[in-house]
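[1] Structure of the sequence below:
(2 chains)
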Amino acid sequence: DAGVIQSPRHEVTEMGQEVTLRCKPISGHDYLFWYRQTMMRGLELLIYFNNNVPIDDSGMPEDRFSAKMPNASFSTLKIQPSEPRDSAVYFCASSQQGPYEQYFGPGTRLTVT
Amino acid sequence: GESVGLHLPTLSVQEGDNSIINCAYSNSASDYFIWYKQESGKGPQFIIDIRSNMDKRQGQRVTVLLNKTVKHLSLQIAATQPGDSAVYFCAENGAAGNKLTFGGGTRVLVKP
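    Alright, predicted model coming up:
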């Protein structure tokens, strides 16, 4: 099993540009979670999906952030326009059932200059 | 890679000794708890979990203890090895059920 796959691993962009982060969950996992990790705020849940449907997006910081899951094997997190304060490591995680045994991807380190 | 706040609690352990990492959780409605290990530049890695109907669960070299009375969770690592050096996070599912809320993390440094 390849585990959760994220791309790109590193992204450097300029303020105002659109950024798209990608995630492929573990096959057979019905839940997908997007997290953000920063030194100041730790690990924060942004949004999660169940069977490709967004269930809770209360952690999404503002309208500049959007996430989609067009099918069971792919999800995107988009930031438009990006700002320097969006710099963080973004993780995708998946699980078979709710919060139980979530498996994390390697993360995307985003730097917005 | 950066993972948590600048002032992470740090536990220094001699190689071969046992480690105990503590976590105070906040929500008495939580019924699921989980420990993760995060090495520099990597994503959190699942270690062990426990449900609220248990007070102890053992894995390979790790034991999780749950004290619901005082809302306390601990992770014990037996015979700590250099590869155990990492940041360890506890998480709880809280009242929301399907979401995990993570603690701030504890850095474990294993001295040879």
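
[2] Excluding chain neighbours, what is closest to the residue of chain A found nearest chain B?
    Nearest residue of chain A to chain B, counting by C-beta to the nearest C-beta: residue A:104, 3.7 Å away. For every residue, glycine as well, the C-beta is placed using N, CA and C. Leaving aside its chain neighbours, residue A:104 sits nearest to residue B:43 (3.7 Å; criterion: C-beta to C-beta, 6 or more residues apart in numbering or on different chains).

[3] Might you report the residue contacts of residue B:7?
    Contacts here follow C-beta atoms under 8 Å, 6 or more residues apart in numbering or on different chains; on that basis residue B:7 touches nothing.

[4] which residues pair with the residue of chain A closest to chain B across the strands?
    residue A:93 (DSSP bridges).

[5] Residue B:53 belongs to a helix?
    No: according to DSSP: H, G, I helix; E, B strand; the rest coil, residue B:53 belongs to no helix; its state is coil.

[6] Could you report the neighbour count for it?
    When neighbours are counted by other C-beta atoms under 10 Å in any protein chain shown, residue B:53 registers 8.

[7] From residue B:74, how far off is it?
    18 Å (C-beta to C-beta, to the nearest Å).

[8] now do residue A:39
    25 Å.

[9] Same question for residue A:16.
    Distance from residue A:16 to residue B:74, by C-beta to C-beta: 46 Å.

[10] Looking at those two, which has the bigger crowd around it?
    Taking neighbours as other C-beta under 10 Å, residue A:16 and residue B:74 compare with residue B:74 leading, 16 against 10.

[11] Can you tell me who the more buried one pairs with across the strands?
    Those that pair with residue B:74 in a beta bridge, by DSSP bridges, are residue B:22, residue B:65.

[12] Pull the contacting residues for it.
    By C-beta under 8 Å, 6+ apart, residue B:74 lies in contact with B:20-23, B:64-65.

[13] and if you look at residue B:76?
    Per C-beta under 8 Å, 6+ apart, neighbours of residue B:76: B:18-21, B:62-65.

[14] Which helix or strand contains the closest residue in space to residue A:98 that isn't next to it in sequence?
    Take residue A:98 and drop its neighbours on the chain: the residue closest to it by C-beta to C-beta, 6+ apart is residue B:98, 4.2 Å away. Here residue B:98 is covered by no helix or strand, with elements defined by DSSP states H and E.

[15] any idea how far residue B:98 is from residue A:28?
    Taken as C-beta to C-beta, the span from residue B:98 to residue A:28 is 17 Å.

[16] neighbour-wise, which of the two wins?
    residue B:98 (19 against 9).

[17] roughly how far apart are residue A:11 and residue A:107?
    11 Å.

[18] show me the contacts for whichever residue of chain B sits closest to chain A.
    With C-beta to the nearest C-beta as the measure, residue B:43 is the residue of chain B nearest to chain A, at 3.7 Å. Each residue near residue B:43 by C-beta under 8 Å, 6+ apart is listed here: A:4, A:91, A:93, A:104-107.

[19] from these, which two are the most distant?
    Maximum pairwise distance among those (C-beta to C-beta): 11.2 Å, between A:93 and A:106.
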